[in-house]
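Asker: Quick one, fold the following:
(2 chains)
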Amino acid sequence: MKITVNVNIGGVSFVMDDDAYDLLKKYLSEVSQFIAAKDDKAEILSDIERRISEILTGDSITYLRVVTIDTVKRIISMIGEAAVFGDGDEEFTYSGGKQSMGKKLMRDSKNAMLGGVSSGLAAYIGIDTTLIRVILVVLLVFGGTGVVFYLVAWVLIPLAVTDQDQQMMSDMHNGLYKD
Amino acid sequence: MEVIDKQVIDNLRAQMRKGTLEYCVLSILSREDAYASAIIGQLKKAEVIVVEGTLYPILTRQKNQGLLSYRWEESPQGPPRKYYTITDYGRAFLSELDKAWTNLVIQIDNIRSGNIG
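Answerer: All right, here's what the predicted structure looks like:
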């Protein structure tokens, strides 16, 4: 035994199981959030409601029967997850946004020997890491400036933490990052 | 050899389709008036779309751009249907898209066959 609800979908009355009703209501509110064009929202939603109503009345399995959660799931798979109502550009903004972002000086933990200062600096300038390390060692031998420089840099330069930063780091190393 | 990243391919295909979907809708409506489900049926048959949801925002946008108009018709069962018609402006627009498409196909073919210059 189950509780049912009476609902009006696209101007037609249906009896739904309450879990089916909850799922459909959640779906429609998600769709509403995803629709990018604010002015068109009401119209698109009513088009979708009418489509749902059409599927429910045109289908001999569901016609004049209580609408179950399985039917709602089938309808959602036909119409598509709420995200398809976004304008679809979101998935591409990562690469687009990355290009417009300036290079960042970061410490590179992945290729680090100590604090990742040399590797990060090399990536930023676009030269080989070994060259930086050689210069540091030379400075270390002649008076120890290298040590001071390294420690200060270690403290001041942030570590590349996020995926995006690490991606940028690897692109800089490979000479793929242009800003 | 590296494994082809299916997700990257899917992304590119989605981008290619996105641009052509509006063209497909106008093209379908240039032959006869239709309501959303009928348009969906044709797009699905041609394997241009997988889920229906992508179509509704396009129809509303094209109607607001003046490319389409619509009328209501009673349905034998279920809710009334919204029949879309292509406008004169829509037809003029479509013929520009036809030209653009033909050109694109020629350009891509030229590149693919190395037949440039």
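Asker: Let's see the pLDDT reported for whichever residue of chain A sits closest to chain B.
Answerer: For chain A and chain B, the shortest gap (C-beta to the nearest C-beta) falls at A:Gly80, measuring 2.9 Å. For the C-beta atoms, the positions are set from N, CA and C on the backbone; glycine is no exception. You'll see A:Gly80 listed with a pLDDT of 89.
Asker: give me the number of residues near it?
Answerer: 17 (other C-beta atoms under 10 Å in any protein chain shown).
Asker: what's near enough to touch A:Lys110?
Answerer: Residues counted as contacts of A:Lys110 (C-beta atoms under 8 Å, 6 or more residues apart in numbering or on different chains) are A:Gly116, A:Ser119, A:Gln166, A:Met169, A:Ser170.
Asker: So what touches the strand or helix carrying A:Asp22?
Answerer: Following DSSP states H and E, one finds A:Asp22 within helix A:18-34. Helix A:18-34 has contacts (C-beta under 8 Å, 6+ apart) with A:2-5, A:7, A:16, A:41, A:45, A:48-49, A:52, A:67-69, A:71-73, A:75-76, A:82-86, B:53.
Asker: List the buried residues for it?
Answerer: In terms of neighbour count (16 or more other C-beta atoms under 10 Å in any protein chain shown), helix A:18-34 has its buried residues at A:Ala20, A:Tyr21, A:Leu23, A:Leu24, A:Tyr27, A:Leu28, A:Val31, A:Phe34.
Asker: doesn't A:Asp165 make contact with A:Asp171?
Answerer: No - if you go by C-beta atoms under 8 Å, A:Asp171 and A:Asp165 don't touch, sitting 10.6 Å apart.
Asker: Quick check: phi and psi at the residue of chain A closest to chain B.
Answerer: phi 110, psi 150 (degrees, to the nearest 10).
Asker: With adjacent residues omitted, what lies nearest to it?
Answerer: B:Val51 (2.9 Å; C-beta to C-beta, 6 or more residues apart in numbering or on different chains).
Asker: you'd agree the one you found is up against A:Ala83?
Answerer: No - using C-beta under 8 Å, B:Val51 makes no contact with A:Ala83, being 10.2 Å away.
Asker: just checking, which of the contacts of A:Lys110 belong to helices?
Answerer: Among the contacts of A:Lys110, the members found in helices (DSSP state H) are A:Ser119, A:Gln166, A:Met169, A:Ser170.
Asker: what two of the residues you listed are the furthest from one another?
Answerer: A:Ser119 and A:Gln166 (11.9 Å; C-beta to C-beta).
Asker: more neighbours, these two?
Answerer: Neighbours were counted for A:Ser119 and for A:Gln166 using other C-beta under 10 Å; A:Ser119 has more, 25 against 16.
Asker: Residues in contact with the helix or strand in which A:Leu121 is found: which ones?
Answerer: Taking DSSP H and E as the criterion, A:Leu121 maps to helix A:117-125. Under the criterion C-beta under 8 Å, 6+ apart, residues A:103-108, A:110-113, A:128-129, A:131-133, A:136, A:150, A:153-154, A:157, A:160, A:169, A:172-173 lie in contact with helix A:117-125.
Asker: can you do 7 Å?
Answerer: A:103, A:105-108, A:111-112, A:128-129, A:132-133, A:136, A:150, A:153-154, A:157, A:169, A:172-173 (C-beta atoms under 7 Å, 6 or more residues apart in numbering or on different chains).
Asker: Alpha carbons only: can I get that helix in PDB?
Answerer: Coordinates of each C-alpha in helix A:117-125 appear next as PDB, following Å, rounded to 0.1, in the frame of the first residue of the first chain:
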ATOM      1  CA  VAL A 117      61.700  26.400  -5.600                       C
ATOM      2  CA  SER A 118      64.100  25.700  -8.500                       C
ATOM      3  CA  SER A 119      61.700  23.600 -10.500                       C
ATOM      4  CA  GLY A 120      58.900  26.200 -10.000                       C
ATOM      5  CA  LEU A 121      61.300  29.100 -11.000                       C
ATOM      6  CA  ALA A 122      62.500  27.200 -14.000                       C
ATOM      7  CA  ALA A 123      58.900  26.500 -15.200                       C
ATOM      8  CA  TYR A 124      58.100  30.200 -14.700                       C
ATOM      9  CA  ILE A 125      61.100  31.500 -16.700                       C
END
